[in-house]
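Student: Provide a 3D model corresponding to the input given below.
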Amino acid sequence: FKEHCTTHGVSTVLSSPFIHEENGLAEIVFRDLLAVARTLLLTAGLPWDLWPLAVRHAAWLKNRKPNLDNDGLIPYIEVYQKTFSLAHVRVFGCVAFQWLDDYQRRTQLPEYVSKSLSDRSRKMHYVGHCDDSTAYLLWDPVSESVYRSGKPHFVENFDDVGRRISSPMRPIRTSEETGF
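Tutor: Reported below is the predicted structural model:
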């Protein structure tokens, strides 16, 4: 690594081991992102192994809010020179029903289930959206997989979210609930 840096004219300044204060801004940014991610997961009641999606969503939100260190400018607009809409942002972890078209219902259901009587949607949870399209990212707790979905139906229960946020005592989640 040293050789590569010197060859390309990159000067490196290494920090002392276990002295996070020397990393300055990087430590602050990661601390803030992880704090938001932790809050998103706790509020939504989702398992801890979804932390990468929560951090990704926290970074997405951070890049679309005014930055006081940059005269109140919005990082996304400064980088891409275009505006954005927050109309498609949903409550992280809210219930989302993914529409299943005929092909999905035919291929994902056992043969003994009648196509006419089968579910036309699948219950999942909103965990963000795609950067390269308008699709949403939905987590399926049954298969423990993340799917892209174009137009899911969201159930955002703001009263329930408010109750969980304002509750002074949250029960400690067991290992069965968190997956750890």
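Student: longest strand anywhere in this structure?
Tutor: In the chain, with assignment by DSSP state E, the single longest strand is strand 121-129.
Student: What residues sit buried inside that strand?
Tutor: Of the residues in strand 121-129, R122, M124, H125, Y126, V127, G128, H129 count as buried by neighbour count, 16 or more other Cβ atoms under 10 Å. C-beta here means a position set from N, CA and C on the backbone, and glycine is covered the same way.
Student: and it, what other elements does it pack with?
Tutor: helix 51-62, strand 95-99, strand 136-140, strand 145-149 (3 or more Cβ pairs under 8 Å, 6 or more residues apart in numbering; DSSP states H and E).
Student: With distance to T39 added, can I get the ones you listed in JSON lines?
Tutor: JSON lines is the format used below for the helices and strands packed on strand 121-129 (distance: least, Cβ to Cβ, whole Å):
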{"stretch": "helix 51-62", "distance to T39": "9"}
{"stretch": "strand 95-99", "distance to T39": "19"}
{"stretch": "strand 136-140", "distance to T39": "17"}
{"stretch": "strand 145-149", "distance to T39": "20"}
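Student: Just the pLDDT for G128.
Tutor: In this model, G128 is scored at 93, pLDDT.
Student: That one touches L53, doesn't it?
Tutor: Yes: using Cβ atoms under 8 Å, G128 makes contact with L53 at a distance of 5.7 Å.
Student: phi, psi of the closest residue to L73 other than its chain neighbours?
Tutor: Closest residue to L73 apart from its sequence neighbours, by Cβ to Cβ, 6 or more residues apart in numbering: N67 at 6.2 Å. Backbone torsions of N67, given as degrees, to the nearest 10, read phi -110, psi 120.
Student: how much space between N67 and I74?
Tutor: 7 Å (Cβ to Cβ, to the nearest Å).
Student: joint contacts of these two?
Tutor: Applying Cβ atoms under 8 Å, 6 or more residues apart in numbering, one finds that no residue jointly contacts N67 and I74.
Student: show me where pLDDT drops low in this protein?
Tutor: Residues of the chain meeting the criterion pLDDT under 70: 105-106, 108-118, 160-180.
Student: and S145, how many residues sit next to it?
Tutor: 10 (other Cβ atoms under 10 Å).
Student: could you list every residue that touches E78?
Tutor: N70.
Student: Mind doing that once more with 7 Å?
Tutor: Shown in contact with E78 (Cβ atoms under 7 Å, 6 or more residues apart in numbering): no residues.
Student: just checking, it is part of a strand?
Tutor: No: applying DSSP: H, G, I helix; E, B strand; the rest coil, one finds E78 to be helix, outside a strand.
Student: hmm, back to that, which of the helices and strands packed on strand 121-129 sits most buried?
Tutor: Comparing the helices and strands packed on strand 121-129 by mean neighbour count (mean count of other Cβ atoms under 10 Å), strand 136-140 ranks first with a mean of 20.
Student: Much appreciated, bye for now.
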